[in-house]
Each structure stands twice: as C-alpha cells, then as structure tokens.
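Peer 1: Sharing a sequence plus its predicted fold:
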Amino acid sequence: AQSVTQLDSQVPVFEEAPVELRCNYSSSVSVYLFWYVQYPNQGLQLLLKYLSGSTLVKGINGFEAEFNKSQTSFHLRKPSVHISDTAEYFCAVSEKTSYDKVIFGPGTSLSVIP
Amino acid sequence: NAGVTQTPKFRVLKTGQSMTLLCAQDMNHEYMYWYRQDPGMGLRLIHYSVGEGTTAKGEVPDGYNVSRLKKQNFLLGLESAAPSQTSVYFCASSPGGLAGPKYFGPGTRLLVL
C-alpha cells in the first residue's frame, strides 16, 4: 500500500523568501501525486497534481512541484512567499492501479513571517 | 451552486450514541469521499464512493458505515460513538477518480465524550 512522508511538520519562512516543502512517497507501483492547501478553519483546496507527462507541474498561487521518480519525491516550491500563503500543506498519493484511494501525508505547517 | 456542503457543522455526542453526517454536492460528481483529520496525522480516508449505490473502504473504516443512495448525497454513520472518533470530518467530491478529491466541504467537528 502507498504511504506519504512529509519530513517537515513546521516551516517558518520570511515574506518574499523562497520555500520548499518536502514530500516523499512509498509505493510498489506507479502513482499519481497531489498537493493540497488548507487555510485556517477551512476545507482543503487542490493546489496541483501530477498525473503524467512533464515532471514539473505548475499550480495555483505561483506554486510548482517536481516529480522525481528515482527519489520518490514530489517537493513543492514557491520562489517568493506572501503572508497569505500561511497555511497547512498536504501531499497526497494514489496508485495507478487503485486511483480511487487517495492517501494524505501528515501535513506541513507553513508560517510566513513579515 | 453551493459546492460541497456538510451537515451538521458541530456535534457533541456521548459514548455509545449514534449519529449520521450528511454530505451533499450539487456538481453531479461521481466520486465522493469521507476523511477524518486529526492533529499530526493529516487526513485519513474512511470510505469512498465511485458512483450512486457503490461504497468502498478506505484506510480507517472500522466503526463507520456509509451509504450513497442518491448521487448527490454521501452519508457517514457512527452506530456507537467512541472517544477515539473525536475528530474533524471532511467530505470531498470529484468528477472522476484520476483528479483526486477536488472539492472539499467545510468540515464537521465531532466531540465524543
């Protein structure tokens, strides 16, 4: 069965600085990968997803992620963060053989410091 | 177009009581999901449905039952609530499985005493 690891539970970063949120997955088969964002007291929103094709995926709000199959990673990046990016970020994975089942990581709390 | 709605928003139960959480979507989506969110554990999939009349188990299905009698509704039932079921419950929907859960509801906060 697939699993997701987000090594950093909390990431503080200054406004306008770049940020990378790390995600690693484990699976014996090919996967689909997702990043979601949860703003305080809200539900989740889909930021971006990798299904196939280019390994660099661009999402909403200036975020992008790169799929690295050899390192089984799908790290999320943004070149310059804003205060409004303060939120919880979740990486998720589903296996191509059972794509209905999407499994989430524990989340990374991004705090943008003014 | 209300998107995904969840009823109720908050609920307090005593151990052993039962309740049903309702999720409704008005986007004609085939896929619907129920997740629970606990601190430090992210979201864990309880049950999901790939269409009207179908349901399947997720990661943590024990203690929960679901039904999808109508395409727009996905019900999550707790037959005998336990303190371990204290959590925030999120429903989500998607037009297709490949997209993953795309639209989430606002959540239901459940406290079991």
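Peer 2: Arrived safely, thanks for sending. Worth saying up front: this structure is predicted, and the values here are computed from it rather than measured.
Peer 1: ok, the residue of chain A found nearest chain B to residue A:63 distance?
Peer 2: The minimum distance from chain A to chain B, using CB to the nearest CB, falls at residue A:43 (3.4 Å). In this view, the C-beta of every residue, glycine as well, is placed from N, C-alpha and C. Using CB to CB, to the nearest Å, residue A:43 is found at 18 Å from residue A:63.
Peer 1: Ok, residue B:10 next?
Peer 2: On the measure of CB to CB, residue B:10 and residue A:63 end up 32 Å apart.
Peer 1: CA atoms only: put the helix or strand of chain A with the lowest mean pLDDT into PDB for me.
Peer 2: Every helix and strand in chain A was compared by mean pLDDT, DSSP states H and E; the lowest is strand A:98-104, with a mean of 81. Presented in PDB, the C-alpha positions along strand A:98-104 are these (Å, rounded to 0.1, in the frame of the first residue of the first chain):
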ATOM      1  CA  SER A  98      -6.300   1.800  -7.500                       C
ATOM      2  CA  TYR A  99      -6.500   5.500  -8.100                       C
ATOM      3  CA  ASP A 100      -9.800   6.000  -6.200                       C
ATOM      4  CA  LYS A 101      -7.900   5.700  -3.000                       C
ATOM      5  CA  VAL A 102      -6.000   8.900  -2.300                       C
ATOM      6  CA  ILE A 103      -3.800   8.800   0.800                       C
ATOM      7  CA  PHE A 104      -2.600  12.000   2.500                       C
END
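Peer 1: Okay, now the sheet partners of that strand, with direction.
Peer 2: Using DSSP bridges, the strands paired with strand A:98-104 in its sheet are strand A:87-95 (antiparallel).
Peer 1: Leaving out sequence neighbours, find the closest residue to the closest residue to chain A within chain B.
Peer 2: Nearest to chain A in chain B, going by CB to the nearest CB, is residue B:104, at a distance of 3.4 Å. Spatial nearest neighbour of residue B:104, chain neighbours left out: residue A:43 (3.4 Å); criterion: CB to CB, 6 or more residues apart in numbering or on different chains.
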